[in-house]
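Chemist: Provided below are the primary sequence and the corresponding predicted coordinates.
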Amino acid sequence: MSQFNNKTLLITGGTGSFGNAVLDRFLMTDIKEIRIFSRDELKQDNMRHYYQREFPQYSDKLKFYIGDVRDINSVRNAMHGVDYIFHAAALKQVPACEYNPMEAVKTNINGAMNIVDAALDCGVKRVVALSTDKAVNPINLYGGTKLVSDKLFIAANAYAGAKDVCFSIVRYGNVAGSRGSVIPFFRNIVENGGRSLPITDYRMTRFWISLDEGVQLVIKALSEAKGGETFISKIPSFKITDLAQAILPGCDMPEVGIREGEKLHEIMVTREDSMMTYEYEKHFIVYPHFDWWDDSRIQPGGKKVEQGFEYSSGKNTEWLSVDDIAERLKNVKEH
């Protein structure tokens, strides 16, 4: 990918599954340097030793910075000389955010402010922030903090002034197999001999997105964004009851009641967003609705959605069957 040739990329929260997926894609290219920024020294050390062992000829491109997005100084120190940023650092477990609200605010909101400020100070060219479906019509604290974070990154394009920098967002739900999601939860029950998989609500649906598809969306945003857009993949939906049957055919599925902060369906584009949403072959883009946005910057090849359109896992046009889910599960690793 020529746009990454001789460039320096910083990944916040880079020791997680997203950071590893980015490294697998870019480390062996002509990228100049990839910086991993996180506060977990053990995960950094494990990652460093893995890539030194498995890819010794490329491992010198990989640099590690211990720090916290809450600390503007550590963020700024890691950002000098950086061209691009993928911002993945967040407190993202819904129950943890509910019980530790100020910690969620410090990481997800104050941390976003620090990324924006440091990027402007350090001459970064492009920033892509990872968001979540939970930021859409939020009903829990995690979603609320990510909504504010999204607004900060969009608005950053306005107060960047004449600086050559672009901030954009990608939005998707839980990646298949991600820590704390339903797939590892069900698998753990089965591995421990369980024959019953609890369903919070029989009507519940979710979008299916793989880790690789998430990385592809981030790369698309970095390549195509003009500043302030939200990129959303067009992906299939599935029923949670079908997922349970794919993991353990014929299992009992007691309905246990919806959890606090949980939604029946994932929503990626709201009716309110529809006024500035365009549909493309494989994705949607929600464009900024501000005076500083120029419609001439809209990507060609898209079609404006009808007013009142909503992109929801419960109203999707593409659905996975039990057999489809079972086939996809073969390639899902927990991360």
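Modeler: Yes, it's here.

Chemist: so which helix or strand takes in the residue lying closest to Leu141 once chain neighbours are set aside?
Modeler: Spatial nearest neighbour of Leu141, chain neighbours left out: Cys97 (4.5 Å); criterion: C-beta to C-beta, 6 or more residues apart in numbering. For glycine as for every other residue, the C-beta is placed from the backbone atoms N, C-alpha and C. Using DSSP states H and E, Cys97 sits in helix 94-99.

Chemist: helix or strand next in line after that helix, which one?
Modeler: Defined by DSSP H and E, the subsequent element after helix 94-99 is helix 101-104.

Chemist: can you map out the helices along the stretch 201-335 of the chain?
Modeler: According to DSSP state H, counting those that start in this stretch, the stretch 201-335 of the chain carries its helices in the segments 211-224, 240-247, 322-329.

Chemist: in JSON lines: those, plus mean pLDDT and mean neighbour count.
Modeler: Output for the helices of the stretch 201-335 of the chain, formatted as JSON lines (pLDDT from 0 to 100; neighbours: other C-beta atoms under 10 Å):
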{"stretch": "helix 211-224", "mean pLDDT": "95", "mean neighbour count": "19"}
{"stretch": "helix 240-247", "mean pLDDT": "98", "mean neighbour count": "20"}
{"stretch": "helix 322-329", "mean pLDDT": "97", "mean neighbour count": "16"}
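
Chemist: and the helix ranked longest in the chain, what's buried?
Modeler: Ranked by number of residues, the top helix in the chain under DSSP state H is helix 141-156. For helix 141-156, burial by neighbour count (16 or more other C-beta atoms under 10 Å) applies to 141-150, 152-156.

Chemist: ditto for stretch 244-262
Modeler: Buried residues in stretch 244-262, counting neighbours by 16+ other C-beta under 10 Å, are found at Ala244, Gln245, Ala246, Ile247, Leu248, Gly261.

Chemist: are we agreed that Ser131 is in a strand?
Modeler: Yes: under DSSP: H, G, I helix; E, B strand; the rest coil, Ser131 sits within a strand.

Chemist: spatially nearest residue to it (excluding sequence neighbours)?
Modeler: Using C-beta to C-beta, 6+ apart, the closest residue to Ser131 is Arg171 (4.5 Å).

Chemist: in what element of secondary structure is the one you found found?
Modeler: strand 166-172.

Chemist: where along the stretch 201-335 of the chain do the strands fall?
Modeler: 205-207, 230-233, 237-239, 267-269, 277-279, 283-286, 303-304, 311-312 (DSSP state E, counting those that start in this stretch).

Chemist: elements contacting the fifth one?
Modeler: Contact analysis of strand 277-279 by 3 or more C-beta pairs under 8 Å, 6 or more residues apart in numbering; DSSP states H and E lists strand 283-286, strand 303-304 as its packing neighbours.

Chemist: do the last one as well
Modeler: Helices and strands touching strand 311-312, by 3+ C-beta pairs under 8 Å, 6+ apart, are strand 267-269.

Chemist: elements contacting the strand it packs on?
Modeler: strand 283-286, strand 311-312.

Chemist: 6 Å instead?
Modeler: With contacts taken as 3 or more C-beta pairs under 6 Å, 6 or more residues apart in numbering; DSSP states H and E, strand 267-269 sits against strand 311-312.
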